[in-house]
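Participant: Below: sequence and its predicted model.
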Amino acid sequence: DAKTTQPTSMDCAEGRAANLPCNHSTISGNEYVYWYRQIHSQGPQYIIHGLKNNETNEMASLIITEDRKSSTLILPHATLRDTAVYYCIVRVDTPPGANSKLTFGKGITLSVRP
Amino acid sequence: AAGVIQSPRHLIKEKRETATLKCYPIPRHDTVYWYQQGPGQDPQFLISFYEKMQSDKGSIPDRFSAQQFSDYHSELNMSSLELGDSALYFCASSLTQGVPSGANVLTFGAGSRLTVL
């Protein structure tokens, strides 16, 4: 799987949008961008994923650049409960079985302040 | 909605003892993954099973073994425990067969915290 690069940490004010960047310059055409988060010692939680197009769900939006070399996860109205480590993961989707694991990198620690 | 169930949630063992962690995937999910997360570390992939067969292997020590049973639950067996095995162990499951590419999302359990004294 291609590697990703994320800043170590960032913070934002409660109620404001949090924009989390991720670089994945070596991404291949059949690799998806996934975002997971981990709130202190809990199991990683799926947020969103995409291939080429921008995606939005009830949790967040994912903006992928046209060349697919970078993406941004947007939490539109951050709350204190959004404080977590956010992982940007590039993953080949080739069912069944092999190579469908997620490989976690360092992630970015988002701190939402009151 | 049903989630991934892991047991026990906490386990304390002595060095050189054996521990077994259990994982019950979301109903109908056919793939199980095990991850280890040491203190201050990121989750590291250990092993996965698809339809009860090992499908991928990561940095799993030889002292560890795992299997997936006919009811799709999985067990991670750890022998000759070392202090360095103290960690959070996460299980995740996904539905792989017949799922469109890109929809194979892993759902994680709450984890089992192993402490080796």
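Facilitator: Okay, I see it. Numbering: from 1, shown residues only, chains lettered A, B, ... in the order given.

Participant: all strands of chain B, in order?
Facilitator: Counting by DSSP state E, chain B has strands at residues B:5-7, B:10-13, B:19-24, B:31-37, B:44-50, B:53-57, B:64-68, B:74-78, B:87-94, B:107-108, B:112-116.

Participant: Flag whichever of the ones you listed has the least confidence on average.
Facilitator: Among the strands of chain B, strand B:53-57 carries the lowest mean pLDDT, a mean of 91.

Participant: With residue A:61 as the reference, name the closest of the strands of chain B.
Facilitator: Residue A:61 lies closest to strand B:107-108 among the strands of chain B, at 21.2 Å (Cβ to Cβ). Bear in mind the C-beta positions are built from the backbone N, C-alpha and C, glycine included.

Participant: and the closest one, what other elements does it pack with?
Facilitator: Where contact means 3 or more Cβ pairs under 8 Å, 6 or more residues apart in numbering or on different chains; DSSP states H and E, strand B:107-108 is packed against strand B:87-94.

Participant: hmm, 10 Å instead?
Facilitator: strand A:45-50, strand B:87-94 (3 or more Cβ pairs under 10 Å, 6 or more residues apart in numbering or on different chains; DSSP states H and E).

Participant: Roughly how far does the most centrally placed residue in chain A sit from residue A:93?
Facilitator: Nearest to the mean C-alpha position of chain A, by Cα atoms, centre = their mean, lies residue A:35 at 2.9 Å. According to Cβ to Cβ, to the nearest Å, residue A:35 stands 15 Å off from residue A:93.
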